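S.K.: Quick one, structure for this:
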Amino acid sequence: MKITEHIKNANGKTLFSFELLPPIKGQSIQGIYNAIDPLMEFKPPFIDVTSSREEPVYKEQANGLLEKVSYRKRPGTVAVCAAIMNKYGVDAVPHLICGGFTKEETEYALIDLQFLGIENVLVLRGDARKTESSFIPTVGGHSYATDLLEQVVNMNKGKYLHEEHEAVKADFCIGVAGYPEKHFESPNLKTDFKYLKHKMDNGAEFIVTQMFYDINKYVEFVNSCREAGITAPIIPGLKPITSSKQLISLPKIFHIDIPDALSDAIQSCKSEADVKEVGIEWMINQCKELVKVGAPVLHFYTMGNPGPTKRIAEAIF
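M.R.: Numbering: from 1, shown residues only. Got it, this is the predicted structure:
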């Protein structure tokens, strides 16, 4: 079922969903099941599966020179989605990213997803490699999420990359990312909204936000979207702080603000266990407010650790 249909059928009730990472290569699918099993009691209608690009390593050759070799750390998102749907009978939402994939590779993935009966995709540009200061497009791939969105929309119209006639039409429900505190590469929120509106006008059907810790940021973002004529569901992305190190890492990596009250509370903690409790309690209160303002889904970035999310869900659902 499509995300938009799940939300419509809920009749205003806030749903629960979460996102997870495919395991490091060499690990079994059981790691995925261990991350999902504790959360199934909250009846998620869908589960997101991230996608990761290749990373370069340098290997010394016999002549002493270094050769750059690219490799992938995790198994394919398509396979993980298939396993989740087969075991749990819930919809899997694969992430499609620009970085690390050619247009042909993206089309092959979409063909596989369509074959498996997967109806939803989340279209993202993706991050730069860890060795790069900014995003560098893959040769033969897309530079922007808007271009990747266009490819999926074209497949929904029966337009494939190299077919000269109309082929079988896909029917993907397409999601895109939204940034309540703006994308870090946008000069201002107005510009960010312009690109988001362009995506919605060109076929995107739902929005999943970057994480945030101030409920007002989400409310302002939703209001601004509605004023701009964006009527699609806006799903808040959530991640409880569970470590004092995240006060530095989260703003640095995700370009978000930590409210003074939350930062002060964490800095006053005497142990990491206390930090975890503060972070979970903050997120419980944030989620209660999100339910009050009509958030269609509470979507958690679990990173394979279901414990904190389970505690929050127990307090909300």
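S.K.: For the protein, just list every one of the helices.
M.R.: 3-9, 30-36, 77-88, 103-116, 145-156, 189-201, 215-227, 246-254, 260-267, 272-292, 306-316 (DSSP state H).
S.K.: just so I know, which of these lies nearest E164?
M.R.: Closest approach to E164 among the helices of the chain (Cβ to Cβ): helix 145-156, 13.8 Å. (Each C-beta comes from the backbone N, C-alpha and C, glycine too.)
S.K.: For the closest one, output the C-alpha coordinates as CSV.
M.R.: Extracted as CSV, the C-alpha positions of helix 145-156 are listed here (Å, rounded to 0.1, in the frame of the first residue of the first chain):
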residue,chain,number,x,y,z
ALA,A,145,17.3,14.7,-6.1
THR,A,146,15.1,16.6,-8.5
ASP,A,147,16.7,14.7,-11.4
LEU,A,148,16.3,11.4,-9.6
LEU,A,149,12.7,12.3,-8.9
GLU,A,150,12.2,12.9,-12.6
GLN,A,151,13.5,9.5,-13.5
VAL,A,152,11.1,7.8,-11.1
VAL,A,153,8.2,9.9,-12.4
ASN,A,154,9.2,9.0,-16.0
MET,A,155,9.0,5.3,-15.1
ASN,A,156,5.5,5.9,-13.7
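S.K.: re the thing from before, and of the helices of the chain, who's closest to K182?
M.R.: Closest among the helices of the chain, using Cβ to Cβ: helix 189-201, at 4.5 Å.
S.K.: I'd like to know the average pLDDT value across that closest one.
M.R.: Averaging pLDDT along helix 189-201 gives 92.
S.K.: For it, enumerate the helices and strands it packs against.
M.R.: Using 3 or more Cβ pairs under 8 Å, 6 or more residues apart in numbering; DSSP states H and E as the contact test, the elements touching helix 189-201 are helix 145-156, strand 173-178, helix 215-227.
S.K.: Show me what the last one is packed up against.
M.R.: When contacts are defined as 3+ Cβ pairs under 8 Å, 6+ apart, helix 215-227 sits against helix 189-201, strand 206-209, strand 234-235, helix 272-292.
S.K.: Tell me the buried residues in that helix?
M.R.: Buried residues in helix 215-227, defined by neighbour count with 16 or more other Cβ atoms under 10 Å: 215, 217-219, 221-222, 224-225.
S.K.: returning to that earlier point: I'd like the helices and strands packed on helix 215-227 as JSON lines, with distance to C81 appended.
M.R.: Shown next, in JSON lines, are the helices and strands packed on helix 215-227 (distance: least, Cβ to Cβ, whole Å):
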{"stretch": "helix 189-201", "distance to C81": "23"}
{"stretch": "strand 206-209", "distance to C81": "16"}
{"stretch": "strand 234-235", "distance to C81": "18"}
{"stretch": "helix 272-292", "distance to C81": "26"}
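S.K.: Where does the prediction get shaky in this structure?
M.R.: 53-75, 129-131, 133 (pLDDT under 70).
S.K.: if I look at the residue nearest to F101 when sequence neighbours are not counted, how far off is G126?
M.R.: Spatial nearest neighbour of F101, chain neighbours left out: G141 (5.4 Å); criterion: Cβ to Cβ, 6 or more residues apart in numbering. Distance, G141 to G126, by Cβ to Cβ, to the nearest Å: 10 Å.
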